[in-house]
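In: no letters, just coordinates:
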């Protein structure tokens, strides 16, 4: 695995078990002594379902927090069908995490059910998992006692403010923003949301994770769609995004935006995006086929009509090489210690980073050579399959690298050589 600077290292177990969370114990704890960008909470809120008004922001801090559509992100469509869930989202340039709970109540006014979501907005994705335990406890308190008040939430918010501490604001959003050549690039989704999501991703998709990997590397628009739990869909976005991790930079393109949960209010925004990875529970997206290149429902990857014209079905096709890669990954996963809580995620990220680094280095060296030639033998030498040549050519085109790719012996996707 290529060496990384300290700022680019994945968040490990010790970062999560000692999360610098001053109020998670109980209110009244002191502010972190070494305050960092990852400690900041930009906003905190409670969203409720009103039988007359629908989703409503019941309370928020600060009062000046004005993000249109927050109530529909924090209480995702379909939440009413489950008793508890959580959702990750992106709103107004901030990352959000909201924990939801529903209980049965003997109230005609509430039509027999009370629903609440309690969440935070942060400038850094790293921080979100640090707040999840607190939010899960607080939403339970809020839904069980609607007259409880919000003093504890307010104290939590205040304890996560810089209060004069000096820190340099960053922009960790996974966007298409340009990066400086030579700068190490790692996906900004490295905070273990949720534990076990890598296992679920591998179990559900099998060798198709390499189809999703290729799509993400080629900067396509990937939309997961399904029913709640929404947290499971968010975990798939997170796991899929990790497959693009690399410490190599071959162009000025940044990470593919990880948008997590999106809804109908995001349609105009999605229309402007050239690449993204997101999830939704709203079936209207199935009819908006110009918004995505592939729609992922369950373990099925459907290519849109526009993307078919680009030959994207070839990219999605699971090859024998993918089956071999999956067997290799599963073997490595099976050899992990049963006591290791974070090992699988680190192994998963390392597996794809090693593969991506080697591929990027090969493309760069091919582009820099006098002939610009990329051969199947060269792909084999870095541990890839010779018939990954078409994908490698497409990847070079994405990054504007002048590469002359060797033609495969048989380009038919139905042929046994694939």
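Out: That came through fine. These figures come from a predicted structure and were not determined experimentally.

In: partner strands of the strand or helix carrying residue 47, parallel or antiparallel?
Out: Using DSSP states H and E, residue 47 sits in strand 43-50. Applying DSSP bridges to the sheet, strand 43-50 is found paired with strand 54-61 (antiparallel), strand 113-122 (antiparallel).

In: which of these is buried the deepest?
Out: Stretch with highest mean neighbour count among the strands paired with strand 43-50: strand 113-122 (a mean of 25; mean count of other CB atoms under 10 Å). The way it works is simple: take the backbone N, C-alpha and C, and place the C-beta from them, glycine included.

In: just how off-centre is the following helix or strand past that strand within its chain?
Out: Tracing the chain past strand 113-122, the next element assigned as helix or strand by DSSP H and E is helix 128-144. Here helix 128-144 is found 21 Å from its chain centre; the criterion is CA atoms, centre = their mean, to the nearest Å.

In: now helix 128-144: average pLDDT?
Out: Mean pLDDT, helix 128-144: 93.

In: pull out the buried residues from it.
Out: With burial defined by 16 or more other CB atoms under 10 Å, the residues of helix 128-144 counted as buried are 128, 129, 130, 131, 132, 134, 135, 138, 139, 140, 142, 143.

In: can you check stretch 321-334 too?
Out: Buried residues in stretch 321-334, defined by neighbour count with 16+ other CB under 10 Å: 321, 322, 325, 326, 329, 333.

In: what sits against residue 96?
Out: By CB atoms under 8 Å, 6 or more residues apart in numbering, residue 96 lies in contact with 70, 73, 74, 87, 88, 89, 90, 119, 120, 121, 122, 128.

In: which among those gets closest to residue 212?
Out: If you rank those by distance to residue 212 using CB to CB, residue 88 comes first, at 18.0 Å.

In: okay, now the closest one: neighbour count?
Out: Neighbour count of residue 88, defined by other CB atoms under 10 Å: 29.

In: related to what we said a few turns ago, output the buried residues of stretch 321-334 as JSON lines; include the columns pLDDT.
Out: JSON lines is the format used below for the buried residues of stretch 321-334 (pLDDT from 0 to 100):
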{"residue": "321", "pLDDT": "90"}
{"residue": "322", "pLDDT": "93"}
{"residue": "325", "pLDDT": "94"}
{"residue": "326", "pLDDT": "95"}
{"residue": "329", "pLDDT": "94"}
{"residue": "333", "pLDDT": "89"}
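
In: of these, closest to residue 115?
Out: residue 333 (37.4 Å).

In: need the contact list for that closest one.
Out: So residue 333 contacts 202, 344, 347, 348 (CB under 8 Å, 6+ apart).

In: am I right that it is in a strand?
Out: No - with DSSP: H, G, I helix; E, B strand; the rest coil as the criterion, residue 333 is helix rather than part of a strand.

In: which of the contacts of residue 333 scores worst on pLDDT?
Out: pLDDT across the contacts of residue 333 is lowest for residue 344, at 83.

In: any idea which of the buried residues of helix 128-144 is closest to residue 309?
Out: The nearest one, if we look at those relative to residue 309 and count by CB to CB, is residue 128, at 38.0 Å.

In: what's across from the closest residue to the closest one other than its chain neighbours in the sheet?
Out: Nearest non-adjacent residue to residue 128, counting by CB to CB, 6 or more residues apart in numbering: residue 97, 4.3 Å away. Residue 97 has these beta-bridge partners by DSSP bridges: residue 88, residue 120.

In: and residue 97, how far is that from residue 127?
Out: Residue 97 sits at a distance of 9 Å from residue 127 (criterion: CB to CB, to the nearest Å).

In: ranges for the strands of the chain?
Out: 43-50, 54-61, 84-91, 94-104, 113-122, 221-225, 258-261, 276-280, 294-297, 300-303, 373-374, 404-405 (DSSP state E).

In: for those strands, give me a markdown table that also has mean pLDDT.
Out: Output for the strands of the chain, formatted as a markdown table (pLDDT from 0 to 100):
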| stretch | mean pLDDT |
| --- | --- |
| strand 43-50 | 94 |
| strand 54-61 | 94 |
| strand 84-91 | 94 |
| strand 94-104 | 94 |
| strand 113-122 | 95 |
| strand 221-225 | 98 |
| strand 258-261 | 94 |
| strand 276-280 | 97 |
| strand 294-297 | 98 |
| strand 300-303 | 96 |
| strand 373-374 | 92 |
| strand 404-405 | 86 |
